[in-house]
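> Turn this into a structure:
(one chain, ligands or ions: 1)
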Amino acid sequence: MESFREVFALVSEYCKKEISQVAHSLWIKDIEPVKLEGSTAYLAVRSEFKQKILEEKYYDLLTRAFEEVMGFPVDLVITSLEPTKAQAEEAVEKLASCSPEEVEKTTAGGDYEYTFSTFIVGPSNKFAHAASLAVATNPAGAYNPLFIYGGSGLGKTHLLYAICNEVLKNKPETNIIYVKGENFTNELIEAIRSESTAEFHNKYRQADVLLVDDIQFIGGKESTQEEFFHTFNTLYEANKQIVLTSDRPPKEIKTLEDRLRTRFEWGLLADVQPPDFETRVAIIRRKAELLDIDIPDDVAEYMANKLKTNIRQLEGAVKKMKAYKLLAGTPPSILIAQNAIRDILNDHQPVPVTIERIISEVARTYNGVTPQDIRSNKRSANISSARQVAIYIVREITQMSMSAIGEEFGGRDHSTIVYALQQVEKNMKIDPRYKELIEDITKNVRNS
Ligand SMILES: Nc1ncnc2c1ncn2[C@@H]1O[C@H](COP(=O)(O)OP(=O)(O)OP(=O)(O)O)[C@@H](O)[C@H]1O
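Model prediction:
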């Protein structure tokens, strides 16, 4: 028996080289080598789900690995065992440290479409929902533009896609363009670089419905705002529907040009707020249904009490419960919910903002300046100014030491960094627009 364990250790090693580490630790590592009878190898796993995955996805790999190790072809028989309590506890422990991507893999197939029918309506979002539905059933005939704003994970993107799906259902030939504010900027930069701005204009100005997610990202970016202004006017005058989302209302996007701000306010502003308790419970039930898992009422209520501000987190917790059930064989309970919620809250700690992100956000704001320019020694006024702003924001957000910042910006010394910080602080005092620009870039970096 011991020797079969040793054989399997080699098989496992072989597999490790062939697949990702995550896949290996999730599917192969815990396989129990039961016995070898003649040329048949018996393996056991702790759930039917794992057994199914192994049979469907890893059977060939395991067969190859056995043949490689044993020197002759081997038949595989994979069975599933009910987990013992200790095994279940161990699995819970292991799952607690799974990344969202790993959990995502185990719940793959539970995806649903972002439509109005999968959107749960409650007091916190009923206005935005009604406005979106009106726009979807009667594009450019209800509210134009529709501007939806609110915190992260509260359903703005879901509503945009729901509009898109509904419009296409009623009129499949509609030319709908969905774009993220950040990508609109990137595409424009690319179009300018490759001298294809005419195509860029045409693409956006031919939309029947234009949906822009996270429009706040165009704030402070001159040519993007200019371009968007003309796109907006063309579409609006041609009676085409425009829907925008943002993490804040137009008046709070400080670096948005006034002419855009007023246009964004021409139609309807609709906010989405964090859902109340009943809506949270309803969302958990609906997500559980979509993922085909039973969550008892007391467990759903417990979860709704703990996760209050972000629907993405509620959804994540339901997915975790499903993963626990599939991988560890443990059905939803308050205990399991506690684990799932702890993971979710840990997973959603703000991701450390990287210097890369700050530099590219600053570069996007300064026309004609690239991230490479910011890190370089070039001294043109525009580049130096962008570099100073990047240095200031890096210091603000990361609290890194001056010399560490100097290293990041092409080996500059401590005094150069101090000088940059002083310059930015001085400019912020004398120029309110400059100050707003810096505040907006900082917000964008933090919220992205
Ligand atoms: N009312 C709702 N009913 C059902 N699911 C919802 C609801 N609101 C949000 N969700 C789900 O929560 C998740 C996050 O929603 P979404 O991506 O739309 O948020 P967002 O407001 O666009 O967030 P961000 O600003 O961070 O992009 C999605 O999976 C979405 O389906």
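> Show the residue spans covered by the strands in the chain.
Assigned by DSSP state E, the strands in the chain fall at 32-37, 40-45, 75-80, 146-150, 176-180, 209-213, 241-246, 268-272.
> Share the number of residues neighbouring the residue of the stretch 101-250 of the chain at minimum distance from the ligand, please.
When you check the stretch 101-250 of the chain against the ligand by CB to the nearest ligand atom, the closest residue turns out to be Gly155, at 2.7 Å. Bear in mind the C-beta positions are built from the backbone N, C-alpha and C, glycine included. A total of 25 residues lie near Gly155 under the criterion other CB atoms under 10 Å.
> and it, what pLDDT?
According to the prediction, Gly155 has pLDDT 94.
> OK, contacts around the closest residue to Lys203 other than its chain neighbours?
Using CB to CB, 6 or more residues apart in numbering and skipping the chain neighbours, the partner closest in space to Lys203 is Ile177 (7.3 Å). Residues counted as contacts of Ile177 (CB atoms under 8 Å, 6 or more residues apart in numbering) are 203-204, 207, 209-211.
> tell me which of those is nearest to Val34?
Val34 has its nearest neighbour among the contacts of Ile177 in Leu211, at 54.6 Å by CB to CB.
> Specify the beta-bridge partners of the closest one.
Partner residues in beta bridges with Leu211, using DSSP bridges, are Tyr178, Val243.
> My guess is it contacts Ala162. True?
No. Taking CB atoms under 8 Å as the contact criterion, Leu211 and Ala162 are not neighbours in contact, 10.6 Å apart.
> Tell me where the model's unsure across the stretch 201-350 of the chain.
Applying pLDDT under 70 to the stretch 201-350 of the chain picks out residues 328, 347-350.
> show me where it has helices.
With DSSP state H, counting those that start in this stretch as the criterion, the stretch 201-350 of the chain has helices at 222-237, 258-264, 277-290, 297-306, 311-323, 334-347.
> Need the winner for burial among those helices.
Among the helices of the stretch 201-350 of the chain, the stretch with the highest mean neighbour count (mean count of other CB atoms under 10 Å) is helix 311-323, at a mean of 24.
> Run the contact check for that one versus the ligand.
Yes. Helix 311-323 is in contact with the ligand by CB under 6 Å from any ligand atom, via 311-312, 315.
> follow-up on the earlier one: type out the PyMOL command that picks the buried ones from the contacts of Ile177.
A single PyMOL command selects the buried members of the contacts of Ile177 (16 or more other CB atoms under 10 Å):
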select buried, resi 203+204+207+209+210+211
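> what does the stretch 1-150 of the chain have sitting close to the ligand?
For the stretch 1-150 of the chain, the contact set with the ligand under CB under 6 Å from any ligand atom comprises 114, 118-120, 125.
> For those, which entry has the maximal number of neighbours?
Neighbours were tallied for each of these (criterion: other CB under 10 Å), and the maximum of 27 neighbours falls on Asn125.
> can you pull the pLDDT of it?
The confidence metric pLDDT takes the value 96 at Asn125.
> for it, what are its contacts?
Contact partners of Asn125, counting by CB under 8 Å, 6+ apart, are 119, 154-155, 272-273, 275, 279.
> and it, backbone torsions?
Main-chain torsions, Asn125, degrees, to the nearest 10: phi -130, psi 10.
> near the ligand, which residues of the stretch 251-400 of the chain show up?
Within the stretch 251-400 of the chain, the positions adjacent to the ligand are 283, 311-312, 315 by CB under 6 Å from any ligand atom.
> Most widely separated two among those residues?
Farthest pair in these (CB to CB) is Ile283 and Arg312. Separation: 10.6 Å.
> What lies in contact with stretch 426-441?
The contact list for stretch 426-441 (CB under 8 Å, 6+ apart) reads 216, 219-220, 253-255, 358, 361-362, 365, 389, 392-393, 424.
> Next: stretch 355-370.
Here stretch 355-370 has contacts from 182, 185-186, 189, 220-223, 371, 373-375, 382-383, 385-386, 389-390, 393-394, 397-398, 408, 437, 441, 444-445, 448, using CB under 8 Å, 6+ apart.
> now with 7 Å?
Counting contacts by CB atoms under 7 Å, 6 or more residues apart in numbering, the residues outside stretch 355-370 that touch it are 185, 220-223, 371, 374-375, 382-383, 386, 389-390, 393-394, 397, 408, 437, 441, 444-445, 448.
> Mind checking which of the residues you listed are in helices?
Residues from the contacts of stretch 355-370 lying in helices, with DSSP state H as the criterion: 185, 222-223, 371, 374-375, 382-383, 386, 389-390, 393-394, 397, 408, 437, 441, 444-445.
> Mark which of these are buried, thanks.
If you count burial by 16+ other CB under 10 Å, the buried members of these come out as 185, 371, 374-375, 383, 386, 389-390, 393-394, 397, 408, 437, 441, 444-445.
> what two of these are the furthest from one another?
Maximum pairwise distance among those (CB to CB): 23.5 Å, between Thr185 and Glu408.
> Can you mark which positions in stretch 39-54 are buried?
Within stretch 39-54, the residues that qualify as buried are 41-47, 49-51, 53-54, counting by 16+ other CB under 10 Å.
> Spatially, which pair of the residues you listed is furthest apart? Let me know, please.
Every pair in the buried residues of stretch 39-54 was compared (CB to CB); the two farthest apart turn out to be Ala41 and Phe49, at 20.9 Å.
> Just confirm Leu43 contacts Asp30, I think it does.
No. Here Leu43 does not reach Asp30: they are 10.5 Å apart, not a contact under CB atoms under 7 Å.
> got JSON lines for the buried residues of stretch 39-54, with pLDDT too?
Formatted as JSON lines, the entries for the buried residues of stretch 39-54 read as follows, by pLDDT from 0 to 100:
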{"residue": "Ala41", "pLDDT": "91"}
{"residue": "Tyr42", "pLDDT": "89"}
{"residue": "Leu43", "pLDDT": "90"}
{"residue": "Ala44", "pLDDT": "87"}
{"residue": "Val45", "pLDDT": "83"}
{"residue": "Arg46", "pLDDT": "70"}
{"residue": "Ser47", "pLDDT": "70"}
{"residue": "Phe49", "pLDDT": "71"}
{"residue": "Lys50", "pLDDT": "77"}
{"residue": "Gln51", "pLDDT": "83"}
{"residue": "Ile53", "pLDDT": "82"}
{"residue": "Leu54", "pLDDT": "89"}
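> nearest to the ligand, of these?
If you rank the buried residues of stretch 39-54 by distance to the ligand using CB to the nearest ligand atom, Phe49 comes first, at 22.7 Å.
> who's in contact with the closest one?
For Phe49, the contact set (CB under 7 Å, 6+ apart) comprises 326-327.
> and it, how far is that from Lys322?
Applying CB to CB, to the nearest Å, one obtains 10 Å for the distance of Phe49 from Lys322.
> Glu56 now?
The value you get for Glu56 to Lys322, if CB to CB is used, is 18 Å.
> And Lys287, by the same measure?
According to CB to CB, Lys287 stands 9 Å off from Lys322.
> again, but for Lys435
Here the distance between Lys435 and Lys322 works out to 47 Å (CB to CB).
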